[in-house]
Structures are given as structure tokens and as C-alpha cells.
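A.B. asks: with the input below, show me the fold.
(2 chains)
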Amino acid sequence: MKNIRKFAAIFTSRLVLIGFVLVAAFPIYWMFNTSLALDSELFGTGQEFLPHLERVGEVPQKLEDVGIFGLLANSAFIATGVTVLSFILAVMAAYGLSRFKFHGKGIFGFVLFSTQMMPEALLVVPLFALFATFGLLNSLTGLVLANTAFSMPVAVFIIKTAIDKIPYEIEESARVDGCSPAGQLGMIVVPLVLPSLAAAAVINFFDGWNEFLFANTFIRQQELWPASVGLAQFMGQYSTPLSTVMAAALLFTLPAIVFFLLVQRQIVSGLTAGAVKG
Amino acid sequence: MLTDQMKAKHPRIFRSRARTRLLPYLFMGPAMLYIAIFVMIPLGRGIQLSFTDTKLINPQGGDPIGVQNYAELLTSERFWNSFVVTVSYSAAIVIFSLVLGTLSAVLINRSFRGRALTRAVLTLPYATPNVAVALIFLWMYNQSSGIFNESLSVLGIGEVGWLGDPDYGLFSVIVATLWKVTPFVMLVVVAALQSVPEELYEASRVDGADVLSTFRAIVLPHLMPTIRVVALLMTIWSIRRFEIIYLLTGGGPVETTNVLVINIYQQAFQSQKLGMAAAIGVLGLLLSLAVTAVFFVLDRRASLAESQ
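C.D. replies: Residues are numbered from 1 along each chain as shown, chains lettered A, B, ... in the order given. Alright, predicted model coming up:
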């Protein structure tokens, strides 16, 4: 009797898990499937459940035709800029938050956390005015600057959590040996928290890669669109075949997935622990 | 008091004291300055805008009109609709993502063959960029040819309007969002589950407790601090989520998915009323702040209760 119940429990939990896996994977599979279908099938004879793998060869040309590679290059530029800028600011700030007591520490922590509840749409208007003054509208640099403000705090949380776990004694002994604070950070702390630094960098890259709202309002020149804005525009125009839109969307998704799978463990521990102490 | 002479006499001590006091600010300074320039000053400017009648055609102009924007909003049906939609949307996301995320975390926390792969597949949605999520769901929800209606027609059920039907619009947006965000909850809870001491499981197994009561009595209390933090993050992220909703419905049909953030965008860039848009933004921010404050109070109380 007991064995039967145990078997039933395991069976049910497997079944539920399989259900979850199907739900998680299906939309991505469907993106792939759609990217290999013709519009005449999609809107006429019906989409088949199995993909037309024989059409894979046509995909690169289709992507070339809509100029997605240029848009992806813009996204990559924004993402790289956000990553580098956030990284420099965040490593220093995280070290400061983790290792020192000073006036205004609590306030600074809260201000950092509060960026996570700031609706970007509220800041779009004032930033628009600010960027107009400095000629940063319609430029990828402007997008890097705007996005860093929202992604850098997350990097600070992740890196600070990692630094908190390192015993201070190591730096202490280096200090006694005459190592400067910058040296302690660069030569002792940074090498010890490399996995978390990687996680923070990937999360920031991700944010830049995802960027949509600021680009959608600040950028007028089509050549400067990131892929996110370009994809949204393709969907609105009926001239672009749906299969091409989906192929481009899939190409836009793949780097994010690969990066994420590489460092998800560090991302999670950093995000939650950072938020607890906010 | 330190005279120059004393400084010369004890250069090391003086320097180290002044330095240790200044040092944290040197490390934090750049980030603080950055947030000040790109978040706090624009925020201040946004708050100021919310008390003016500034228009998009002349963003530098606009006259102060006191609290008129707020007065107008608080008596407008459209604003309260947005408020209710935002709260319902966020509540649904928080509740369902927590339940489903925790359930999948518990299921994946045992060892079985193919566990790493299963876990990777389950996290794919979280890594999918928002715009891609919106695009694939737009297609799946397509009324005449999307997979959902195609499947329903196989079952002999008629077409559902999904994103175009006021009865299903919000539901459809919530489903698409849940697909994207639930894996985040799962990942965090999986991490927390790994910190539950193995002995606790063993003890309850020896006592002959079944799976559910073990979960309630041992696992859940261990997870509560994590779950509270995730609930807070899920709430404030939901209040400000833009892309997915904007691309799926743009706030429609008949404003049934018109969350505050979409409302801000429409007021600013369609109605061209920057002042009014800013006022909605400020109220949205206040909502997030209020939620955060409530969470912190509850969190403190709960952790006090748990430690007793």
C-alpha cells in the first residue's frame, strides 16, 4: 500500500514536471517552427507541427534582406557599453558598500534599490530633455548612459554579496604589507569574486541587449535601432514575412540564452542575497 | 587640533585617518554621481514637471499649475482603471509565479536522470528577451491562425479573441508574462532549497510524515524569507513592466490592460501631455514605495516571529 502511494506520488510529480517542461519549451520551439514556414502556410493552409528543416538554408538570406545583422550590431554595442560602464562603477561601489562604514551608507543602499522600482517611462521625459541639451538623442552612447543607470545597481548587489563572503583578514594582511586600498581591491578581492563578476557582467549585458523603451523614444534614425526596436517594427509592417520576423527573433534570443545558462547560479545567489540586504 | 608641524611629525597617522574617512566616498563616488545625474536629477525634474502643463511640442516651456494634474487624475475614471489594472496584473503575476515557481523548484530539487537538462529547459523563458516573448505570443494568440485557436478548433471549440477580447486581454497578457518570469522564482527557490539541512528531511522521514506535511512543516518555513524577497521583487517589477504589455496589446482592448506605465507613455507621446504623464509616473512610484514599505514591515514582523 505504502509502495503504491509512493509510486503514485513520484508518477504525479514526473507528470507535472513534464508538463512544465513542455510549456517552457513550446513557445521557443514554435518560434523556430514558424521561422521555417511560408506565409501562405501560416495564414492559409495551416502551420504544420513539424518544422520544414529543408528550408534552413534559406534563412541567412532572409535575415540579410531585413538588415537584422546591423541591428544586432547596435544591440551588441549598447550591451557592451552598459556592461563595461556598469562593471567599473559597480565593482568600486560594491567594495565601498561591503568594506566600509560611513555616513549615508543606508541611504545610498536604498537609492540603489529604488532604481528597481522607478518606472523608466517616468524618466523618459526628463532624460529626453537632458539628452537633447547634450546632443545625446539619436545616439547609441545616450542609450548606454540611460540603461547603465538601471543595470549598474543590480551589479552592485551581486558583487557586494560576493565580497561580503570573503574574509577581511586577507586584505588586512595585504594592507599591513603596504598594499594600497585600490591594490587590495584589484589584486586580492577581484580575483576571488570572478564568478560573481561574470554573473553581474552577463546580467548587465542582458539589460543592454533587452533595451527597448529608451531606444523607441530617443532614436529617430533607422540605422541606429537596436534589434529589439527593429523586431517590433517588423511585426507591425505586413511587408516582412512572419517567418523572417521569427527567424530574426530567434537569432536575437540565442545569445541571451547561451550567456544565461553559463552563469545562472551566480546570478540567482547574487540577486536574492543583494535584495535581502537592499 | 593638528598643526602643520604635527602633521609633519606624524605624517602616516594623519594621512591614514583622513584617508580612511574619505576612502569609502572615493569608492562610492562615481556610482553615486552617476545615479544622481541619470536618475535622481531627472526624477526631480519629473516631479517638477508633474506640477506643470508642459506639452511635448515645447518640453522646456509649460507653466506651473499646482496640483491640477493630480486633481484631474484622482477624479478620472481612466486613471483609476489603470490603477486597478496595474494592481490586478501585479497581484496575479506575484501569486501565480510564486506558486508555480515554488512547485517546479520542489519538483526539480530531487535527483533524477536528466535533471540538469530539465532545469536548463525550464529556465529558457527567463533568458528570452522581452521583445521576442511578445512576438511569439502575438503569433500564438493570433485569432485566425494562431496555435491556440487552431488547437481549440480541433477540440471543436470556437475561436477566442485572446488579446483582442476585453474578457481575455488581461488574462492573455498575464499568461505571457508568467511564462517569462516564473523561471526566475524557480531558480531562486531552488537555491534556497539547497540550504535546507538534509537532517531535517531525514528526521521527518523517520517520523513517517508524508510529502505534503514535510513540505508544510519543514521546507516552507525555511523558504519563507526567500519567498518574501521574491514576492517584493516580483511586485515592483510588475508595476513597472512595459515592453511585453505594450507590444502585446498597447493597453487595449478597451483599456483592459492599460497599466500605469502604458498610461504614462500614451499621455506623453500620444496626447503629448508631459506634465500629466509625469504625474502618473509619480503616483506609480508612490505605489511601488508603499508596497516596499509594507513588505519591509511585514518582513521584520515575520522574522521576529520566526526567531521566537
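A.B. asks: report the central residue of chain A.
C.D. replies: In chain A, the residue lying closest to the centroid (CA atoms, centre = their mean) is residue A:206, at 1.7 Å.
A.B. asks: does it sit in a helix or strand, and which one?
C.D. replies: In the assignment (DSSP states H and E), residue A:206 maps to helix A:194-210.
A.B. asks: mind listing what's buried in that helix?
C.D. replies: Across helix A:194-210, burial judged by 16 or more other CB atoms under 10 Å in any protein chain shown covers A:196-210. For glycine as for every other residue, the C-beta is placed from the backbone atoms N, C-alpha and C.
A.B. asks: closest one to residue B:153 out of those residues, please.
C.D. replies: Set against residue B:153, the nearest of the buried residues of helix A:194-210 by CB to CB is residue A:210 (34.8 Å).
A.B. asks: touching, that closest one and residue A:228? I think so.
C.D. replies: Yes: counting by CB atoms under 8 Å, residue A:210 does reach residue A:228; the two are 6.6 Å apart.
A.B. asks: overlap in contacts, the two.
C.D. replies: B:129, B:130, B:131, B:243 (CB atoms under 8 Å, 6 or more residues apart in numbering or on different chains).
A.B. asks: restrict those residues to contacts with chain A.
C.D. replies: With CB under 8 Å from any CB of the partner chain as the criterion, the shared contacts of residue A:210 and residue A:228 include B:129, B:130, B:131, B:243 near chain A.
A.B. asks: just for chain B, where's the confidence low?
C.D. replies: Residues of chain B meeting the criterion pLDDT under 70: B:1-20, B:205, B:208-209, B:307-308.
A.B. asks: all helices for chain A, in order.
C.D. replies: All helices of chain A, identified by DSSP state H, fall at A:2-35, A:39-40, A:59-65, A:68-99, A:105-114, A:120-133, A:140-164, A:169-176, A:181-183, A:190-192, A:194-210, A:213-218, A:227-236, A:242-277.
A.B. asks: the residue in the stretch 201-308 of chain B that chain A sits nearest to: neighbour count?
C.D. replies: In the stretch 201-308 of chain B, the residue that lies nearest chain A is residue B:281 (2.8 Å; CB to the nearest CB). Residue neighbour count, defined by other CB atoms under 10 Å in any protein chain shown, stands at 32 for residue B:281.
A.B. asks: is it correct that it is in contact with residue A:121?
C.D. replies: Yes: assessed by CB under 8 Å, residue B:281 is found in contact with residue A:121 at 6.3 Å.
A.B. asks: quick check: neighbours shared by the two?
C.D. replies: residue B:264.
A.B. asks: ok, the residue nearest to the spatial centre of chain B - contacts?
C.D. replies: In chain B, the residue lying closest to the centroid (CA atoms, centre = their mean) is residue B:237, at 1.2 Å. Residues counted as contacts of residue B:237 (CB under 8 Å, 6+ apart) are A:116, B:181.
A.B. asks: could you check how far it is from residue B:200?
C.D. replies: 32 Å (CB to CB, to the nearest Å).
A.B. asks: my guess is the residue nearest to the centre of chain A meets residue A:262, correct?
C.D. replies: No: contact between residue A:206 and residue A:262 fails when scored by CB under 8 Å: they sit 11.7 Å apart.
A.B. asks: circling back: please identify the deepest-packed of the helices of chain A.
C.D. replies: helix A:140-164 (a mean of 25; mean count of other CB atoms under 10 Å in any protein chain shown).
A.B. asks: for the stretch 51-200 of chain B, what lies in contact range of chain A?
C.D. replies: So far as CB under 8 Å from any CB goes, the stretch 51-200 of chain B lies against chain A at B:59-60, B:100, B:103-104, B:107-108, B:118, B:120-140, B:144-145, B:147, B:150, B:179, B:183, B:187-188, B:190-192.
A.B. asks: which among the residues you listed count as buried?
C.D. replies: In those, the ones that pass as buried (16+ other CB under 10 Å) are B:59, B:100, B:103-104, B:107-108, B:118, B:121-140, B:147, B:150, B:179, B:183, B:187-188, B:190-192.
A.B. asks: check residue A:39 and give its pLDDT.
C.D. replies: With respect to pLDDT, residue A:39 has a value of 83.
A.B. asks: count the neighbours of the closest residue to it other than its chain neighbours for me.
C.D. replies: Once flanking residues are discounted, residue A:39 sits nearest to residue A:241: 5.0 Å by CB to CB, 6 or more residues apart in numbering or on different chains. Neighbourhood size, residue A:241 [other CB under 10 Å]: 19.
A.B. asks: hmm, back to that, nearest to residue B:217, out of the helices of chain A?
C.D. replies: Evaluated over those, closeness to residue B:217 peaks at helix A:2-35, with 17.0 Å, by CB to CB.
A.B. asks: so residue A:198 makes contact with residue A:264?
C.D. replies: No: the pair residue A:198 / residue A:264 is not scored as a contact, 11.2 Å apart, by CB under 8 Å.
A.B. asks: any regions of the stretch 101-250 of chain A where pLDDT drops low?
C.D. replies: Applying pLDDT under 70 to the stretch 101-250 of chain A picks out residues A:238.
A.B. asks: in it, what residue lies closest to chain B?
C.D. replies: Distances between the stretch 101-250 of chain A and chain B by CB to the nearest CB are smallest at residue A:122, namely 2.8 Å.
A.B. asks: for that residue, which residues are in contact?
C.D. replies: Taking CB under 8 Å, 6+ apart, we find residue A:122 in contact with B:43, B:46, B:264, B:277, B:278, B:281, B:282, B:284, B:285.
A.B. asks: these two touch, right, the fourth one and residue B:270?
C.D. replies: No: the pair formed by residue B:277 and residue B:270 falls short of the contact definition of CB under 8 Å, at 9.8 Å.
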